[in-house]
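J.: what follows is a predicted structure for the sequence shown.
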Amino acid sequence: MKTALFSSFLLILLISFPGCSGRKDNGTLIRAGVFSGNGASAVCVTETMEALKIDKGIAPRIVTAADIAGGALEELDVILFPGGSGSQEANNLGAQGMKRIRDFVIKEGKGVVGICAGAYLLSDTPDYPCLHLSGLRAVDRVHDARGGALAAVTLEKDAPEIFSELNGYDSVFIQYNEGPMLVPAGDDISFTVLAVMQTDVHAKTGAPAGMTPGKPYLIASRPGKGRAFLSVGHPESTPGMRWIVPRMVRWVTAKEMIPYKAEVVRPGRDHHSIVFDADYRSRQKKLFWQLFDENPAKRMAAMNDLHDMRSRPAVRWTMGMLRDENEKVRQRAAELLAEDEYTAALPDLRQALANEGDKTVKATLDSCLKKLETIAPGSKN
């Protein structure tokens, strides 16, 4: 009798407060496809997939152009186009695939997210193969290879409606790497600019100064019956800000904006922008080669310096250091991977733990492994 009463009480509780089940939206998973055709950077695909795993209400999968041609969109609520080359992604989709995506959003009312090159693809840029789903066009394309930065981004008044965690922050800092400079296209698609880039990036190919400050960085659009979200930069590769990716997915699918763990919501982690200019790139290269130094102290110092520089590729280099001959280097590598939320390293950490003979290092590996597993609950979807 007590069991029956408890079961009835639990059922009422779950109906009244669906969040208590640990899965939002009445248990319905958001079916998200991450495009992995030609033009999509393998790194960007991996990091986008990993960012989505922060949200256990999202079921991410890889989707190719062939999958789309075969009807895979019927099994999705949202498709994400990652960084790489927008024109090559368009070429890989082909005219038929492009039409399928447009119909998916405009006619069927589904969602689409474009990150960096994906934002190019979603734009309404003349003389560029794009999907025309944003209400914005790219300018100064001749200087696309303008460089990268950990860029300062300021929030517009409507941002807290989607990113309430950023309320009260004047600026946050998100990775940027040669994303599009967007301006209104003058068409009939409504859009809302939620964040604006402030860091001036003109580190390569004679790119002019003053182009990036004031340009839209995060944009929410409403093409036809559907929704689109554009990110000019790379939150998926920015520790403390990766949760922005699943939040964008929730907005374009009109789902509840659930909170995420404090371990991944860290908008105050960084306090200043870092432009990846020629001096920065030279130092980054030297530090990479220092990872092979015979002195383990120098190898560990290189890892620490790369981390402090917010080097984007360094986190992947750190994965290799889990297999270093020196126990202290292995230990520090695990700590840095956990600090950077790099859940893509979970298989490496599991194997490193299985192989580790030093008890102290083994304890660190186990702790870091558990932390990463905790912040990526969707990895079990």
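T.: Alright, I've got the coordinates.

J.: for K286, grab the count of nearby residues.
T.: 11 (other C-beta atoms under 10 Å). C-beta: built from backbone N, CA, C; applies to glycine.

J.: which strand or helix spans it?
T.: Here K286 sits within helix 278-290, counting by DSSP states H and E.

J.: just the buried residues of that helix, please?
T.: Y280, Q284, L287, Q290 (16 or more other C-beta atoms under 10 Å).

J.: model confidence over the next helix or strand after that helix, on average?
T.: Heading C-terminal from helix 278-290, the first helix or strand you meet, by DSSP H and E, is helix 296-308. The predicted model gives helix 296-308 an average pLDDT of 98.

J.: which SSE is immediately downstream of helix 296-308?
T.: That would be, after helix 296-308 and using DSSP H and E, helix 314-321.

J.: tell me what angle that next one forms with helix 296-308.
T.: 150 degrees (axes from the mean of the first three to the mean of the last three C-alpha atoms, to 10 degrees).

J.: residues in contact with helix 314-321?
T.: With contacts defined as C-beta atoms under 8 Å, 6 or more residues apart in numbering, helix 314-321 is touched by 43, 284, 287-288, 291, 299, 303, 306-307, 329-330, 332-333, 336-337, 340, 342, 344-345, 348.

J.: give me the buried positions along the helix or strand just after it.
T.: Once helix 314-321 ends, the next helix or strand along the chain (criterion: DSSP H and E) is helix 327-339. By 16+ other C-beta under 10 Å, the buried positions in helix 327-339 come out as E327, V329, R330, Q331, R332, A333, A334, E335, L336, L337, A338, E339.

J.: same deal with stretch 184-194?
T.: Those would be A185, I189, F191, T192, V193, L194, for stretch 184-194 by 16+ other C-beta under 10 Å.

J.: circling back: just send the buried residues of helix 327-339 back as JSON lines, with pLDDT too.
T.: Formatted as JSON lines, those follow (pLDDT from 0 to 100):
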{"residue": "E327", "pLDDT": "97"}
{"residue": "V329", "pLDDT": "98"}
{"residue": "R330", "pLDDT": "98"}
{"residue": "Q331", "pLDDT": "98"}
{"residue": "R332", "pLDDT": "98"}
{"residue": "A333", "pLDDT": "98"}
{"residue": "A334", "pLDDT": "98"}
{"residue": "E335", "pLDDT": "98"}
{"residue": "L336", "pLDDT": "98"}
{"residue": "L337", "pLDDT": "98"}
{"residue": "A338", "pLDDT": "98"}
{"residue": "E339", "pLDDT": "97"}
